[in-house]
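Novice: Give me coordinates for this.
(one chain, ligands or ions: 1)
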Amino acid sequence: MRRILLAGLVPAILLATACGSGTSDADVKAMATCLPNGTALKIEAQNLNFDTDCLAAPAGTAFTITMNNQENGVPHNVAIYQGPSRSNALFKGRTIVGVATVTYRVAALSPGTYYFQCDVHPQMNGAFVVR
Ligand SMILES: [Cu+2]
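Specialist: Predicted structure coming up:
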């Protein structure tokens, strides 16, 4: 009985993983409503959410992202990808367990609308604007 139940569950889990949050390139473009304001970016993680779904950095210059993980005992990171398919990682920040803060140093990026997420919880994501 247990084996049958598990066999039914596994495809559902795989499907959920494959689909992720269902964020598409168009969704990311729609989220990309923020503009760069300096080279010291900030983001907070709490309740399995980031406090913003849009981060922005100036093009062609290194910048920092300070991530404040406010969740006691919960790991989070920030990673930047070319797009929601996550095929090309532009930056992968170290995962830290809360409550803690980390400042990532990110190399200069070309102008574009990219995608960021927490790799531990891909449903925590947003647009990453470089211009
Ligand atoms: Cu996370």
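Novice: Which residue is the nearest non-sequential neighbour of the spatially most central residue of the chain?
Specialist: The geometric centre of the chain, computed from its C-alpha atoms, lies nearest to Gln117 (Cα atoms, centre = their mean), at 0.9 Å. Among residues not flanking Gln117 along the chain, Asn125 sits closest, at 3.8 Å (Cβ to Cβ, 6 or more residues apart in numbering). (C-beta placed from N, C-alpha, C; glycine too.)
Novice: Contacts only, for that neighbour.
Specialist: 21, 23, 50, 53, 84, 115-118 (Cβ atoms under 8 Å, 6 or more residues apart in numbering).
Novice: give me that answer again for 7 Å
Specialist: The neighbourhood of Asn125, defined by Cβ atoms under 7 Å, 6 or more residues apart in numbering, consists of 21, 23, 115-117.
Novice: What is the burial count for the nearest residue to Tyr115 once chain neighbours are set aside?
Specialist: Distance criterion Cβ to Cβ, 6+ apart; nearest residue to Tyr115, sequence neighbours excluded, is Tyr81 at 4.8 Å. Neighbour count of Tyr81, defined by other Cβ atoms under 10 Å: 21.
Novice: The ion versus Tyr81, what's the distance?
Specialist: According to Cβ to the ion, to the nearest Å, Tyr81 and the ion sit 15 Å apart.
Novice: what's around His76, how many residues?
Specialist: Close neighbours of His76, defined as other Cβ under 10 Å, add up to 27.
Novice: Just want to check the distance between it and the ion.
Specialist: For His76, the distance to the ion - Cβ to the ion - is 3 Å.
Novice: Identify the residues contacting that residue.
Specialist: Going by Cβ under 7 Å, 6+ apart, His76 touches 45, 67, 69, 95-96, 98, 118, 120.
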